[in-house]
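Trainee: coords please:
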Amino acid sequence: MRIGVPKEIKPQEGRVALMPDHVARLTAAGHPVHVEAGAGSASWATDRDYAEAGATIDDCGADVWGACDFIVKVKEILPQEYGYLRPDHVLLTNLHSASNPGETDALLKTGLTAIAAEDTHRFGSPNCALAGEIGAFEGIRLCLAPHGGSGRHFFGHFGSPAMRVLVIGLGNVGRGAVRTTLGLGCSVTGLDINWGARYKAEQDYPTRDFTTAGIDALPDLLPHADLIINCVLWPKHRDDHLISRANLKDLRPKAVICDIACDEAGAVETSRPTSWADPIYEVDGVRHFCVDNIPGAAPVAASAGYGQALMRHIQPILDKGWRQACQADDWLARGLVCAQGTLIHAETARIQGRDHVNVAEYLKD
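Mentor: Here you go, the predicted structure:
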């Protein structure tokens, strides 16, 4: 198979699917790799670096898509790329197909094999921690007075209290947010439904201004927070919320919501995805930061981690083919969205009201 690495075209997305060291491993094993010119520039990976790793440098995305049958990317397929799709393509990227019916239509119509990378990470995406860290950093910045915030310092000084932060969800994203906010001196409360997650977080920070609580404590904590950071992915079929629009009136003046999960009308009812070009909006006097590709702000680290995670799946697909690779790895199979015009991804089918074939059934010999 010929592996293609196009340049990401989503605005303010600097990540690249594979770094030169990943490419070198593939070409050393005899696999041809094509990289679009400039694909890695924001990640400090030059065309020369890729060429020295054995890749062919193509002038444009159309050339990469046209020359290759195994396409690896970072973000979803945008309408400008639909015309590049072919039935023989195997596609591995973060598709988020349940939220993108137009993309789902294009994938099914083409008949290619699409695997959603976001569903294949056994221990969570390597970019989760980065999202939590960067999102928390942005949230703290927005709490400073010149940016319209409460004006509390993140450290407590001269008897004034430190910035108060709520982190909802203590998984990989939430732990990244806790790490950043505590590191800057904030007073932090972490919330999670899982007692084990709360216990582990408490053990990690026994000497910091850090407490934990169950989600049921959220209504009592909201009025005292300068910054609320949501790190909970919300099932798209649910119509309830952890923070409803009605709750916004309970927040202190100039409080900020940073929704790193950024599920539209998800855990936070008033959330909707934004971009780095226009990251903030206001609802009922409360500013929301909901950028949906936060790790793209630190592409050097994010690309290195993402490529490393993809390599765990790329090699089995090259060795066995996508079907046998999915049969051998339940986590890779979890990401299978469609193949040969058949929808396989259960969440996408449920949210979009489409028929689908169960993944285990589809993969039967």
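Trainee: show me which residues of the longest helix seen in the chain are buried.
Mentor: Assignment by DSSP state H gives helix 299-320 as the longest helix of the chain. For helix 299-320, the neighbour count (16 or more other CB atoms under 10 Å) marks 299, 301-307, 309-311, 313-314, 316-318 as buried. (C-beta placed from N, C-alpha, C; glycine too.)
Trainee: ok, stretch 193-201 next?
Mentor: Neighbour counts using 16+ other CB under 10 Å place 197-198, 201 of stretch 193-201 among the buried residues.
Trainee: show me where pLDDT drops low in this structure?
Mentor: Judged against pLDDT under 70, the chain has no low-scoring part.
Trainee: domain parsing for it?
Mentor: Using automatic domain parsing, the domain parsing of the chain gives 3-119+298-362, 128-296.
Trainee: follow-up on the earlier one: could you name the helices and strands sitting against the helix or strand following the longest helix of the chain?
Mentor: For helix 299-320, the succeeding helix or strand toward the C-terminus, using DSSP states H and E, is helix 322-328. Counting contacts by 3 or more CB pairs under 8 Å, 6 or more residues apart in numbering; DSSP states H and E, helix 322-328 is packed against strand 113-116, helix 299-320, helix 330-334.
Trainee: let's see 10 Å
Mentor: Judged by 3 or more CB pairs under 10 Å, 6 or more residues apart in numbering; DSSP states H and E, the packing partners of helix 322-328 are strand 90-93, strand 113-116, helix 299-320, helix 330-334, strand 336-339, helix 359-362.
Trainee: to residue 173, which of those lies closest?
Mentor: Nearest to residue 173 among these is helix 299-320; the distance by CB to CB comes to 13.4 Å.
Trainee: show me the helices in the protein, by range?
Mentor: Using DSSP H, helices in the chain cover 20-28, 47-52, 61-67, 101-110, 128-142, 172-183, 195-204, 218-221, 299-320, 322-328, 330-334, 346-352, 359-362.
Trainee: export the ones you listed to JSON lines and append columns for distance to residue 116.
Mentor: Listed next are the helices of the chain as JSON lines, based on distance: least, CB to CB, whole Å:
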{"stretch": "helix 20-28", "distance to residue 116": "20"}
{"stretch": "helix 47-52", "distance to residue 116": "26"}
{"stretch": "helix 61-67", "distance to residue 116": "19"}
{"stretch": "helix 101-110", "distance to residue 116": "10"}
{"stretch": "helix 128-142", "distance to residue 116": "15"}
{"stretch": "helix 172-183", "distance to residue 116": "18"}
{"stretch": "helix 195-204", "distance to residue 116": "25"}
{"stretch": "helix 218-221", "distance to residue 116": "30"}
{"stretch": "helix 299-320", "distance to residue 116": "11"}
{"stretch": "helix 322-328", "distance to residue 116": "12"}
{"stretch": "helix 330-334", "distance to residue 116": "8"}
{"stretch": "helix 346-352", "distance to residue 116": "9"}
{"stretch": "helix 359-362", "distance to residue 116": "12"}
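Trainee: of all those, which one is nearest residue 247?
Mentor: That would be helix 218-221 among these, by CB to CB, at 7.2 Å.
Trainee: residues of the closest one that come out buried?
Mentor: 218, 221.
Trainee: alpha carbons of it, as PDB, please.
Mentor: Extracted C-alpha coordinates of helix 218-221, given in PDB (Å, rounded to 0.1, in the frame of the first residue of the first chain):
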ATOM      1  CA  LEU A 218     -21.800  20.800  40.900                       C
ATOM      2  CA  PRO A 219     -24.800  23.100  41.500                       C
ATOM      3  CA  ASP A 220     -23.400  24.200  44.900                       C
ATOM      4  CA  LEU A 221     -19.900  24.900  43.500                       C
END
